[in-house]
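Participant: Show me the folded form of this:
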Amino acid sequence: MILWQQPDGSVLATPQPAHAVIAGQLMRRLADRPEPFEPAVTAAIEHDCPWQGWEMAPEFDPATGLPRLFNALSGDEHVPMWEDGVRMALANFGLLVGLLVMRHGSHIYRLGILGNRIAPSAISLAAMEGYMARERERGAAIMARLGMSEAEVAPLSAKLAMVDSIALALCWGQTNFAAGSSTLIRSASFAARVAPWPFDTPGLELSTEALHLPGPFADEAAMRAAWPELPRRTLHFTLSAA
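Facilitator: As a prediction, the model looks like this:
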């Protein structure tokens, strides 16, 4: 769950697949149009499909009284979930979409290792390194089946990483966030600028749905009891060139 604390003490909780809806909206409007286009857009929308099961029953974090934050998972927790999601993407969306979801896992783990974004431990590190080694081998085999080269696939992976980062920054409430070769700078709660501007229009209107939590829960039982009836809120964001 992506958690964004609000000034009144409430929390906007965006499931990972819901923030990916914004990533898909962004991918559609890139000035440097990805090709093949529809699989690239589908990959952006579905790149967090590995989270679907986890987000259906969020874990409780007793330290915060809130659902567990998405980047609190260790590598050994994250990797099995991600590999299940890759299998699902390959089975349901096709080879190229599955390949891009697979490669996005390695992108996450590189950030986890180099940027210390995933809880460090020997077991966590081994899980992430093992995934990346398997991804290189499996990815090469899928590219061979697709008749695509690394030079053709790498730009699609980079575009996916960029739109994912922008969508994440918006839903996470980040004020200044690196997104590939661009940077998101928040100008208001639901508005931000991006520089350099990578899209084909001077401005963008984006939206997705989040849960609106009143604040921390007393315990896990209280969260589970409240969860089915929590209010939903459509998040509307405006992006413009810096």
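Participant: Run through the neighbouring helices and strands of the helix of greatest length in the chain.
Facilitator: What stands out as the longest helix in the chain, according to DSSP state H, is helix 122-146. With contacts taken as 3 or more C-beta pairs under 8 Å, 6 or more residues apart in numbering; DSSP states H and E, helix 122-146 sits against helix 75-93, helix 95-114, helix 150-172. Placement of C-beta: from N, CA and C, glycine included.
Participant: Relative to the centre of this structure, find the outermost residue for me.
Facilitator: What lies farthest from the middle of the chain is Ala218; by C-alpha atoms, centre = their mean that is 28.4 Å.
Participant: Hmm, Phe60 and that one touching each other?
Facilitator: No - in this structure, Ala218 is not within contact of Phe60 by C-beta atoms under 8 Å, at 10.5 Å.
Participant: Which residues are in contact with each of the two?
Facilitator: Common neighbours of Ala218 and Phe60 are not found (criterion: C-beta atoms under 8 Å, 6 or more residues apart in numbering).
Participant: count of residues packed around Gly53?
Facilitator: When counting by other C-beta atoms under 10 Å, one arrives at 12 neighbours for Gly53.
Participant: same check, this time on Ala179
Facilitator: Ala179, neighbours per other C-beta under 10 Å, totals 20.
Participant: Pull the contacting residues for it.
Facilitator: Taking C-beta under 8 Å, 6+ apart as the test, what Ala179 contacts is 162-163, 165-166, 169, 194.
Participant: Go through the element among helices and strands of the chain having the smallest mean pLDDT and flag the buried ones.
Facilitator: When each helix and strand of the chain is scored by mean pLDDT, DSSP states H and E, helix 95-114 comes last, with a mean of 91. Going by neighbour count (16 or more other C-beta atoms under 10 Å), the buried part of helix 95-114 is 96-109, 112-113.
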